[in-house]
Structures are given as C-alpha cells and as structure tokens.
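**Q** What follows is a predicted protein model with its sequence.
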Amino acid sequence: MRPRNRLGKIIVITLLLTGLGILPAAADSGAVVARGADGIAVYEADLAAMRQASPNFQPTPEALLKATVRTVLFARRAAETQIECPGLDRVAGFDRNIVLGSCWERELMKGAKLHEDAVLSWYRAHWRQFTDENGELAPLDDDLGHKIRNRILVAKKKTIVNEEYGRLCDRYQIEFVEGR
Amino acid sequence: MKLTALGLALLIIGGLVAGCATSNGSFNRGSMWVTVSPEMRDELKTEEELLARFNQYWSGYASGDVSQTFALEAPYIREMVTPDKYRLYLNLMTRKSTLKAVEIVAVHRPNDFIREVECRLILETATGEPRQRETRDRWVLATGGWYHTFTNPLLFPELN
C-alpha cells in the first residue's frame, strides 16, 4: 500500500528506519538498571546483549549485572584514555563496549605489579620443573621470568579486575536501581 | 647471645595467644610448642632464620592467626591466592583438631634454596583425643628470606 499524503510517507519512512536499526525504537533500551556520574547508564538491553555475547555462560542475575556494569565502566576508561583497541571498527552496539572492556582488561594486566620475589619464589619452589635429566637447573632468564610472571598474573587476574571494578564504581558513583 | 641459648628459646616456644576472638578472626587455641629431636639439634645450628620463621608460622597456624601465616607464605602464593580463600583453607585444615606441638624430625636440603622440614604435628581433637600427623613442610629461600610453600591440587590447582 503506498501512502498518498505527506504524513503517511513520514510514518512509513520512520518505520523503515526503525526496522533497519538506524533510529532506536521507543522502548528499545528498556529500564535503567544502574547509573552513575558523567551520564553513565546501564540498561536492561545491555544485560540482554551481555547474555547473548556468552551463550554458554549462565550467570546469576547478580553476576550478569556486575559483569555488564563492569564492561560499561571498563569501556568508558578505554575510550577516555584512547588506548589502542584492535577490532573496534568491526563491531557495533554493545559489542563495542565488550571489545573496549577487553582492551582495558589487557591494559590493566600489562601494568600489573607483583611482589619483587613472586617470580623468584615460584621458580625456586618449582625447581624440579626447570631441571633437566642431567640435574641441570635452567637459569631464570628474561624469557622464563616472563612466562612465570604471566602464569602468576593469570591467577591474579580476577583480583586485579575486581579491584579496578570497585575503583571505577567509586569514581563514577555507580548506583544500582532498586530491586535489581 | 649464643646460638645454644637462642636456639633453645626458639625451639621450645609457647605460642600463647591471649584474649577473645578479634576482628581479624584469630582466636585463642591455647599454647603451641615447637620442639626438636635430639639428633637434629646440632644439625639445625645453621638454620636459625629458617627456624625462627618456622616457629612463627606454626604458632600462627595453631592460634588461627591467618594474617600471621599468610604473611609467611611464599610471595607467589600471596599473589595467586586471595586472603579470603586462604582463610577458608586454613579454617578447613584446623577445624577438626588443635595443634599442640610440632616436633622437627629431620631437615632435607635438596639444594641451597629449598628446605623440607620433616615434622610431626601433635594434635588434639575437639573431644580431647591425641592425634599425630607426619608432614614434610616446604620452605623456599627468596630475597626477603625463608617463605613457606604448600600445594593443594584440589583447592589451589593454580599453585602447581
């Protein structure tokens, strides 16, 4: 059916643009589930997008909310600091937040500090792993030190990420909407 | 102070913890003694620092002082294990019995930076029954001194 009047044409064009996702639908984002300073807002639609991004992961509602807010906050920091984030140009919508958030996590891990004896104590405590069949202990060179450091950081990542999340919740004064 | 007197003081020490439960969760589990078998006394004359930390560690263990024992765990353990999870682990290890004494039976030295202290833990159950458990307690030398290490593949697979 082709609209004959101007109003009809406007309605059709609007519906077309909405269907293409260029204009947001009236209630597209859903209710706000968390908000903070500097215009930060996390919506129900973001929770859905987060859930969809990891279909095999079945978090509790609380864990999903925390992961989504964390992603938004990490994405904000990545954007603010303009860190290099490969692949960002290939994604849209909430996926951009996910990619940016991952980039920020990578940045956090790069700058993570360890106790001065963490690597040495691991190397010595696990000395048998670095000893060959002739009883020769491999030296703790830069390459081995780097591998051990990464291994320790993998275990420490959760702590680092949680601490940053806490810091950013304070920084941006995040409030969770009642009943979430 | 000569080692003999100091050694005696270090090796026979009561880990007394006074008072009620504190905000960090430690509580009075009575006194704990570290002793050394006669065969070991001469051999341990060169391990003064290790023995001091050994005593400190097991005193903390006996009294449930998580912060004391955690501080003596190897730095890599302190990086990889959160204090909360460590506290749960220590509570799990100590809930069924009280540590009354630790007797050092032997010290093995596979190299310059590892000590495996073979010891006998003298325990008492909640109903007052005596128990003993043999263990080989591992210590690693790093820049900051001797540190305790442990493995528990079930609870801490990341430490292997």
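**A** Arrived safely.
**Q** What is the neighbour count of the closest residue to A:Ile40 other than its chain neighbours?
**A** Closest residue in space to A:Ile40, ignoring its immediate chain neighbours: A:Tyr172 at 5.4 Å, by C-beta to C-beta, 6 or more residues apart in numbering or on different chains. From N, CA and C alone the C-beta is placed, and that goes for glycine too. Residues contacting A:Tyr172 under the criterion other C-beta atoms under 10 Å in any protein chain shown number 20.
**Q** ok, so what distance separates A:Tyr172 from A:Gln129?
**A** 43 Å (C-beta to C-beta, to the nearest Å).
**Q** which residues of the chain fall in strands?
**A** All of this refers to chain A. A:32-35, A:41-43, A:175-176 (DSSP state E).
**Q** sorry, should have said chain B
**A** B:33-36, B:97-111, B:114-125, B:130-142, B:145-149.
**Q** can you pull the contacts of B:Gly145?
**A** B:49, B:53 (C-beta atoms under 8 Å, 6 or more residues apart in numbering or on different chains).
**Q** Let's see that with 10 Å instead.
**A** The neighbourhood of B:Gly145, defined by C-beta atoms under 10 Å, 6 or more residues apart in numbering or on different chains, consists of A:117, B:49-50, B:52-53, B:72, B:139.
**Q** Pretty sure A:Cys103 is one of the things A:Glu84 touches, is it not?
**A** Yes - using C-beta atoms under 10 Å, A:Glu84 is in contact with A:Cys103, at 7.5 Å.
**Q** Same drill for those two, tell me which one is more crowded.
**A** More crowded of A:Glu84 and A:Cys103, by other C-beta under 10 Å: A:Cys103, with 22 against 9.
**Q** So that one versus A:Glu164, what's the distance?
**A** 13 Å.
**Q** so what sits against both of the two?
**A** A:74, A:77.
**Q** Alongside chain A, which residues does chain B contribute?
**A** B:73-83, B:110-114, B:138-145, B:147-151, B:156-160 (C-beta under 10 Å from any C-beta of the partner chain).
**Q** Weed out the non-buried ones from the residues you listed.
**A** For the residues of chain B next to chain A, a burial check counting by 16 or more other C-beta atoms under 10 Å in any protein chain shown picks out B:73-81, B:113-114, B:138-142, B:147-150, B:156, B:159.
**Q** Quick one: low-confidence residue ranges for chain B.
**A** Low-confidence segments of chain B (pLDDT under 70): B:1-32.
**Q** most centrally placed residue in it?
**A** B:Trp58 (2.8 Å; C-alpha atoms, centre = their mean).
**Q** near chain B, which residues of chain A?
**A** Residues of chain A lying near chain B (C-beta under 10 Å from any C-beta): A:112-129, A:131, A:137, A:148-149, A:151-156, A:158-159, A:162.
**Q** which ones among these are found in helices?
**A** Judged by DSSP state H, those include A:118-125, A:148-149, A:151-156, A:158-159, A:162 as members of helices.
**Q** In ChimeraX, select just the buried ones from those.
**A** A single ChimeraX command selects the buried members of those (16+ other C-beta under 10 Å):
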select /A:118,119,120,121,122,123,124,125,148,149,151,152,153,155,156
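**Q** the longest helix in chain B is where?
**A** helix B:48-63.
**Q** Okay, now the unreliable bits of chain A?
**A** Residues of chain A that meet the cut-off, pLDDT under 70, sit at A:1-4, A:6-27, A:179-180.
**Q** Enumerate every residue touching residue 114.
**A** Since no chain was named, I'll use chain A. A:122, A:148-149, A:152-153, A:156, B:75-76, B:78-80.
**Q** oops, I was thinking of chain B
**A** A:124-125, A:127-128, B:108, B:138-141, B:149.
**Q** Same check on A:Ile148?
**A** A:114, A:118-123, A:126, A:130, A:140, B:76.
**Q** let's see 8 Å
**A** With C-beta under 8 Å, 6+ apart, A:Ile148 has these contacts: A:119, A:122-123, A:140.
**Q** Dump those residues to CSV, plus distance to B:Ala101.
**A** Shown next, in CSV, are these (distance: C-beta to C-beta, whole Å):
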residue, distance to B:Ala101
A:Val119, 36
A:Trp122, 31
A:Tyr123, 34
A:Leu140, 38
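**Q** Among those, which pair sits farthest apart?
**A** Greatest spatial distance among the contacts of A:Ile148 (C-beta to C-beta): A:Trp122 and A:Leu140, at 9.7 Å.
**Q** what about stretch A:30-50, distance to the chain center?
**A** How far stretch A:30-50 lies from its chain's middle: 14 Å, per C-alpha atoms, centre = their mean, to the nearest Å.
**Q** Touching it from outside, list them.
**A** Contacts for stretch A:30-50 (C-beta under 8 Å, 6+ apart): A:28-29, A:64-65, A:67-69, A:71-73, A:76, A:93-95, A:97-98, A:169, A:171-177, A:180.
**Q** Quick one: buried ones out of the residues you listed?
**A** Judged by 16+ other C-beta under 10 Å, buried ones among the contacts of stretch A:30-50: A:64-65, A:67-69, A:71-73, A:76, A:94, A:97-98, A:169, A:172, A:174, A:176.
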